[in-house]
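Asker: please work out how this folds:
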Amino acid sequence: MGVALTVSGRQASSPNGAITLQPKGGGYVIQYRHLPVLELSDVGVKTTGSQTEATFGKIRKNGRVKEDYQMLIGKRTHCTNRANEYVSEGTDGQGRTMRLVFRLYDDGVAYRYELSGLKGDTFKEEKTTYHIAEGTRRWMQRWSDAYEGFFPLSTTGEGKNRRWGYPALLEPQDGVFALLTEANIERRQSASCLYNEGSADAYRVCPAENETPLYGDWHTPWRVAIIGTLADVVESTLVTDVCQHSQLEDVSWIHPGAVSWIYWAYNHGSNDYNIICKYVDMAVALHLPYVLIDAEWDEMKDGKTVEDAVRYTREKGVKPMIWYNSSVGWVNGAPGPKYRLNKPEDREREFAWCERIGVAGVKIDFFSGDNQMNMDYSIDLIECAAKHHLLVNFHGATIPRGWQRTYPNLLTTEAVYGAEWYNNVPTFTNRAAAHNATLPFTRNVIGPMDYTPCTFSDSQHPHITTHAHELALTVLFESGLQHLADRPESYLSQPTEVQQFLSTLPVVWDETRLVAGYPGEYAVLARRCGTTWYIAGINGKDEEREITLPLDFLKNQHFKVLSFTDSGLKDSPWRITTGDHLPASVSCQPRGGFVMRLQLAKVGR
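Answerer: Numbers count the residues shown, from 1 in each chain. The predicted structure is shown next:
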């Protein structure tokens with residue numbers, strides 16, 4: 001089934017009128033405050049069962065979307081979903097109905113295709129194409145099945161590899177941005193990526209393999225473009241806005257939190273009971289709620305078992321999480337345990353065992369891409385885990401596409417070139433600062449990100465970001481499970497104020513604001529937990545930078561301010577100060593950073 005749109009000249013707009021959608025040829029152009037920012041040069045989908053393409057009629061308004069909802073993690077706990085919905089309908093030569101549905105938000109556009117009357121069709125291709133002109137500034141990641149790549153600034157789509165992963169950030173007008181992604185993957189669907197193999201400026205949406213026979217009604221995931229200023233992009237909840245709400249009646253057992261993590265310092269530490277105990281003891285010392293027992297716990301040495309480690313963890317008042325190989329991606333030569341989750345009956349038995357011995361959650365690793373099999377398998381895993389009150393962390397997996405709303409026990413996902421790469425290759429040492437200053441505008445916009453931050457010591461390859469830069473990442477990067485990657489002795493040798501900061505580190509935020517920044521150069525975010533604000537910033541450059549802090553949203557409030565900045569001294573790297581005023585600017589060392597904790601002060605008696 002294909003589409004050749006012949007829509008009328010009627011204009012569609014967002015509730016505040018800032019974003020408009022107009023037909024152009026066989027597609028659409030999207031404007032932000034009268035400036036063209038994104039063009040869909042072609043639209044449509046095809047299935048195997050259609051003999052002719054569908055031609056659409058006029059676009060008409062289909063009503064309003066109005067919803068408030070709560071999130072357990074993310075940029076804010078209370079979210080609003082407001083949009084104007086428009087639809088264009090058509091039929092193919094067999095009389096089957098297709099709808100192209102648009103939702104126009106104040107901060108972007110979401111759209112999807114809805115098909116009816118399917119009789120065993122399989123999805124063939126999508127024709128949706130974004131025109132991204134050569135010369136447009138963009139930060140895009142080359143696609144890989146684990147989404148572990150950089151987002152370098154570029155102005156061209158040329159190159160040998162023409163396959164691109166989400167999210168893709170564009171600056172089509174000075175100071176106006178568009179971030180492309182998708183959301184609300186459901187069963188019988190695959191995820192997609194972008195290809196520009198035919199032309200450097202034509203990026204086609206290409207769903208991964210999906211051989212599932214489709215009957216009756218079916219729709220694609222929502223294709224999403226977040227549009228506006230950088231603040232509009234960073235603060236947007238559009239990805240979860242378009243997702244289904246959770247069906248879980250009881251979420252009282254779901255507790256986000258910080259995690260003590262072994263792998264960064266000890267690649268094979270989880271097969272050593274004594275090393276596990278060191279990280280449990282660190283969690284106790286820093287008041288961290290969780291410890292992760294990573295890969296190879298099924299090969300525990302010295303006569304110990306994972307149940308011994310779980311027992312020790314629980315006796316210390318810490319909640320254990322354990323790792324599994326998904327056994328659909330990297331299997332041969334990969335660590336285990338393997339093949340314990342693939343069959344429904346095995347998965348049920350394994351997760352029931354986890355619940356019985358007191359495991360709080362599972363980290364599942366090494367998936368094999370974006371196809372429909374991986375999407376359905378992931379949903380199976382999350383749902384079965386929820387049945388047994390297990391939190392979920394996906395690694396070596398696809399990016400979040402809003403599942404954190406539909407399945408609230410999914411607290412984080414990797415899909416990022418994070419700190420564990422210091423283990424693998426020397427590349428990250430010189431690129432980490434700029435990469436870190438890009439992620440708040442790209443990957444972390446769309447959902448929780450298990451970067452595994454805050455390393456003061458070195459792994460196999462050194463880091464040259466400063467201590468304050470590393471501490472800032474714990475606030476700058478949002479993740480419902482924030483895995484602290486460094487060694488116990490490194491954390492416990494830091495000043496008391498740093499240890500206390502980590503001990504009270506929130507991972508649930510009631511509000512998030514972009515204070516300042518530009519991708520790859522610097523980033524400053526403010527996040528609120530209750531009445532306490534945290535302001536974190538990093539310098540992505542190799543030169544010192546004075547960062548202005550426009551904090552007007554905090555005026556007329558009085559705070560006790562605890563600040564962590566860089567001293568610039570090798571032997572005494574911290575400058576820790578307290579006070580009762582907010583600075584107008586902060587001087588950042590090369591690849592440096594800062595964090596401020598603002599606790600609301602009582603005024604008067």
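Asker: make it CA atoms for all contacts and neighbour counts henceforth
Answerer: Will do.
Asker: just for the stretch 251-400 of the chain, where's the confidence low?
Answerer: Within the stretch 251-400 of the chain, no stretch falls below the threshold (pLDDT under 70).
Asker: need the CA coordinates for stretch 582-599. CSV is fine.
Answerer: Extracted C-alpha coordinates of stretch 582-599, given in CSV (Å, rounded to 0.1, in the frame of the first residue of the first chain):
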residue,chain,number,x,y,z
LEU,A,582,23.9,32.2,43.2
PRO,A,583,26.8,33.2,40.9
ALA,A,584,26.2,35.0,37.7
SER,A,585,28.8,32.9,36.0
VAL,A,586,31.2,30.0,36.5
SER,A,587,34.8,29.7,35.2
CYS,A,588,35.3,26.2,33.8
GLN,A,589,38.7,24.5,33.4
PRO,A,590,39.5,22.8,30.1
ARG,A,591,37.2,19.7,30.0
GLY,A,592,36.0,20.9,33.5
GLY,A,593,32.7,21.2,35.2
PHE,A,594,30.8,22.2,38.2
VAL,A,595,27.8,21.2,40.4
MET,A,596,25.7,23.3,42.7
ARG,A,597,23.2,22.0,45.2
LEU,A,598,20.6,24.6,46.1
GLN,A,599,18.7,23.8,49.3
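Asker: where does this protein dip in pLDDT?
Answerer: Low-confidence segments of the chain, defined by pLDDT under 70: 1-10, 51-57, 603-605.
Asker: biggest strand in it, by residue count?
Answerer: Longest strand of the chain, by residue count under DSSP state E: strand 54-70.
Asker: pairing partners for it, with directions?
Answerer: According to DSSP bridges, strand 54-70 forms sheet pairs with strand 3-5 (parallel), strand 78-91 (antiparallel).
Asker: and the next helix or strand after the first one, how far out from the chain middle?
Answerer: What it means is strand 3-5. Counting by DSSP states H and E, the next helix or strand C-terminal to strand 3-5 is strand 12-13. The chain centroid and the centroid of strand 12-13 are separated by 29 Å under C-alpha atoms, centre = their mean, to the nearest Å.
Asker: list the contacts of strand 12-13.
Answerer: For strand 12-13, contacts defined as C-alpha atoms under 8 Å, 6 or more residues apart in numbering pick out Ile19, Thr20, Leu21, Gln22, Lys61, Asn84, Tyr86, Leu104.
Asker: what segments of this structure are helices?
Answerer: Under the criterion DSSP state H, the chain contains helices at 230-235, 238-241, 273-286, 306-315, 344-357, 372-387, 403-406, 427-436, 467-476, 488-492, 496-503.
Asker: hang on, the earlier thing: so which of the contacts of strand 12-13 wins on neighbours?
Answerer: Leu104 (29 neighbours; other C-alpha atoms under 10 Å).
Asker: list the contacts of that residue.
Answerer: Per C-alpha under 8 Å, 6+ apart, neighbours of Leu104: Ala12, Ser13, Ser14, Pro15, Ile19, Thr20, Ala83, Asn84, Glu85, Ala110.
Asker: which residue packs closest to it, ignoring adjacent ones?
Answerer: Of all residues not flanking Leu104 in the chain, Ser14 sits nearest, at 4.7 Å (C-alpha to C-alpha, 6 or more residues apart in numbering).
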